[in-house]
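Trainee: Could you work out the structure for the sequence below:
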Amino acid sequence: MDLEKPPAERPVAQAEGTPPAVPRAEGCLAVAIRIPVRIVVLVLVVPVRMAWDALVVGGRFLRDTVLRPVGRVLARVAWAVFVWPWVALWRYVLVPVGRALAWLGHVLVVVPAVWLYRTVLTPIGHAIARVARGVWAALAWAARGIGAALAWAARGIGAGIARVLGGIAVGLARVYTRVLTPVGHAIAWLFKGLGPALAAVGVAVYTVVAWLVRYLVVAPAMWLYEWVLAPVGRGIAWLTRGLVWLVRMIFTGIGAAIHWTLRILLVLPALAVWRWVLVPVGRVLAVIGREIGEALGHAWRVAGHMSLAVGRFLGRLFRWIFVEPVRWVYQAVLTPLGHVIRDAVLRPAAEAARSVRRATRQALAAARESTRQARADFRRMLFGAPREPERVPLSKPHREPQPGETRTLGSSTTALTKD
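Mentor: Reported below is the predicted structural model:
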């Protein structure tokens, strides 16, 4: 049951240095609505709260007496049905089988593999390593011999090639000195005489071509740009700016008309409805809703107190009507009667049962002893008495032969091989 105050009514600790909270100002509408609303809400909430408390008590009783035991039983049954078989399978089947397979794998695979590695592969590997070292040494010796032979042959071939190349270089030097140098001097003298004439011809050709390009291409192009293309481009740009301004003014006028039409037909009426209708109605509804909420909280707490009082009254009534008479009957009637039954009936019966059990145990022990003795007599009658083992004296040594005995090939004096 909710007997505590709501957060709004609890005192709030003020921090040091902060001003005290100012109480909220309430209007006449809130004061006029509060009392009737609280009365109506209290009348409506009290049955609901009592029914709710009854359901809570019944639910707690049902949970503690029925649902929890049933849930525990179902949990144990589910454990026994769904979990324990898998645990038993893992613990008593899979783990032993896995250990057996691991042992078999160790015995059948690991041990033979280790034996094969130690006794077969390791000697073979050592032998192969020795053979490989010998082969490598032989190959290295052969490679050194072949390298020395190739080096000697290369030195001989290099000397011959050097001699041939030296002869070719001497011949080329003589051709350059005696043939190419005079021809080059002659060609240089020829170009030195023709150079000024060729330069004058080149300058004249360049001047003529530049004059033709200037007056046949550049001048007409400049005239066409200044007197045709530039005026046409300026006219097109002016027309484009005019069209853009006209379109902008048209859309600006249309937008202004739509704006004022929507403002007059929609915005101003909606603003008036919001300001003069919805805001006052919302404030009134807010006050009514707040008062109804506070009334519901107050009525719920009052109904809780009433339900608590009714529950305590019913509990005391149940105690006076049922619990106290039952306790009195138990203390005044059943307890003395139980003591009498315990002292007069149960204790003598228990003592007699213990005596019977003791006598039965002694009779069974005597019967077992008689049966054992009869079985031993029957075995002795059939097979005779058992032969007692010969006792060897501890003082007589047996490690060395006696002076009168002689050593033979079948006898021994050691402790490990002596009969």
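
Trainee: Spell out which helix or strand contains Val340, please.
Mentor: Val340 belongs to helix 335-341 when assigned by DSSP states H and E.

Trainee: Now do that helix, average pLDDT.
Mentor: The average pLDDT for helix 335-341 rounds to 90.

Trainee: what's the next secondary structure element after it?
Mentor: Moving toward the C-terminus from helix 335-341, the next helix or strand (DSSP H and E) is helix 347-383.

Trainee: what does the average pLDDT come to for that following helix?
Mentor: For helix 347-383, mean pLDDT rounds to 87.

Trainee: which SS class is the most centrally placed residue in the chain?
Mentor: For the chain, the residue nearest the mean C-alpha position is Val83 (25.1 Å; C-alpha atoms, centre = their mean). Using DSSP: H, G, I helix; E, B strand; the rest coil, the structure places Val83 in helix.

Trainee: Next one: Gly160 relative to Ala173, how far apart?
Mentor: Distance, Gly160 to Ala173, using C-beta to C-beta, to the nearest Å: 21 Å. All C-beta atoms are positioned from the backbone trio N, CA, C, and that covers glycine.

Trainee: ditto for Ile124
Mentor: Computed as C-beta to C-beta, the Ile124 to Ala173 distance reads 70 Å.

Trainee: The lowest-mean-pLDDT helix or strand in the chain - contacts with which helices or strands?
Mentor: Every helix and strand of the chain was ranked by mean pLDDT, DSSP states H and E. The lowest is helix 181-213, at a mean of 73. Using 3 or more C-beta pairs under 8 Å, 6 or more residues apart in numbering; DSSP states H and E, no helix or strand is in contact with helix 181-213.

Trainee: Any regions of the protein where pLDDT drops low?
Mentor: Applying pLDDT under 70 to the chain flags residues 1-34, 190-191, 193-199, 385-419.

Trainee: One more pass at 80, please.
Mentor: Flagging of the chain using pLDDT under 80 yields the residue ranges 1-46, 147, 151, 153-206, 208-210, 213-214, 378-419.

Trainee: Just the helices from it, written as ranges.
Mentor: Using DSSP state H, the helices of the chain run over 28-62, 68-78, 84-89, 95-105, 111-116, 122-175, 181-213, 219-224, 230-262, 268-273, 279-318, 324-329, 335-341, 347-383.

Trainee: Could you dump the ones you listed into a markdown table with mean neighbour count added?
Mentor: What follows is those, written out as a markdown table (neighbours: other C-beta atoms under 10 Å):
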| stretch | mean neighbour count |
| --- | --- |
| helix 28-62 | 14 |
| helix 68-78 | 10 |
| helix 84-89 | 11 |
| helix 95-105 | 10 |
| helix 111-116 | 11 |
| helix 122-175 | 10 |
| helix 181-213 | 10 |
| helix 219-224 | 10 |
| helix 230-262 | 10 |
| helix 268-273 | 11 |
| helix 279-318 | 14 |
| helix 324-329 | 11 |
| helix 335-341 | 11 |
| helix 347-383 | 10 |
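
Trainee: now the angle from the least confident helix or strand of the chain to helix 122-175?
Mentor: For helix 181-213 against helix 122-175, the angle by axes from the mean of the first three to the mean of the last three C-alpha atoms, to 10 degrees is 90 degrees.

Trainee: how far does helix 181-213 sit from the chain's center?
Mentor: Offset of helix 181-213 from its chain centre (C-alpha atoms, centre = their mean, to the nearest Å): 88 Å.

Trainee: Next: stretch 360-380.
Mentor: 72 Å.

Trainee: One more: stretch 300-320?
Mentor: Averaging C-alpha positions (C-alpha atoms, centre = their mean) puts stretch 300-320 52 Å from its chain's average.

Trainee: One more: stretch 120-133?
Mentor: In this view, stretch 120-133 has its centroid 52 Å away from the chain centroid, taken as C-alpha atoms, centre = their mean.
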